[in-house]
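A.B. asks: just the structure for this:
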Amino acid sequence: MKEIAIKKLTASGLKKTEIRIQLLDYLLNLNAAVSQPELEKKFNSISDRVTLYRALSAFEEKGIVHKIMDNHGTARFAICNETMCDDHNHNDEHIHFHCSSCDEITCLDELIVPDFKIPKTYSIQKINLNIEGICDNCNA
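C.D. replies: This is a model prediction of the structure:
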């Protein structure tokens, strides 16, 4: 799967450092959003938080990942749907499901975000929709 990570980095114009390749490969294999502290534990070989933060920021800037704020105010990161996001257009406005049992957050790209009618003097800059409940794994 590292080949896909390398291709994504190349297509985004990002340097293909070993840390970025490992991090992106890991994110591509997840089905849920992950926080920076979780990534720090997973990649304890990364000696400083700044390197990890910069890699995540670069991925977000290039439309590879998007940031989701959980109920505790912690940022979590998930892979973007490549048909919706790139470095010029970051369309991460979709519904997220937060499992109150296992605490996982998953993207529900297949659900349609409702069309909001807001006053004409307002402009929407970002939509963040979270559904709380029990995921299929915890329900089983």
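A.B. asks: what residues of the host helix or strand of residue 7 count as buried?
C.D. replies: Assigning secondary structure by DSSP states H and E places residue 7 in helix 2-12. By 16 or more other CB atoms under 10 Å, the buried positions in helix 2-12 come out as 5, 8-9, 12. Bear in mind the C-beta positions are built from the backbone N, C-alpha and C, glycine included.
A.B. asks: likewise for stretch 57-67?
C.D. replies: Using 16+ other CB under 10 Å as the test for burial, stretch 57-67 gives 58-60, 62-67.
A.B. asks: what about the helices in the protein?
C.D. replies: Using DSSP state H, the helices found in the chain span residues 2-12, 18-28, 36-42, 49-61, 136-139.
A.B. asks: find the residue closest to the spatially most central residue of the chain in space, skipping its chain neighbours.
C.D. replies: Nearest to the mean C-alpha position of the chain, by CA atoms, centre = their mean, lies residue 78 at 2.0 Å. Setting aside the residues directly before and after it, residue 78 is nearest to residue 33 in space (CB to CB, 6 or more residues apart in numbering), at 3.9 Å.
A.B. asks: how about TSV for the helices of the chain, with mean pLDDT and distance to residue 126 added?
C.D. replies: TSV is the format used below for those (pLDDT from 0 to 100; distance: least, CB to CB, whole Å):
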stretch	mean pLDDT	distance to residue 126
helix 2-12	92	22
helix 18-28	94	21
helix 36-42	90	20
helix 49-61	91	13
helix 136-139	92	28
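A.B. asks: can I get those helices in CSV with distance to residue 94?
C.D. replies: Below are the helices of the chain laid out as CSV (distance: least, CB to CB, whole Å):
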stretch, distance to residue 94
helix 2-12, 20
helix 18-28, 17
helix 36-42, 21
helix 49-61, 15
helix 136-139, 18
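A.B. asks: residue 128: which of the ones you listed is closest?
C.D. replies: The closest of those to residue 128 is helix 49-61. By CB to CB, the value is 14.8 Å.
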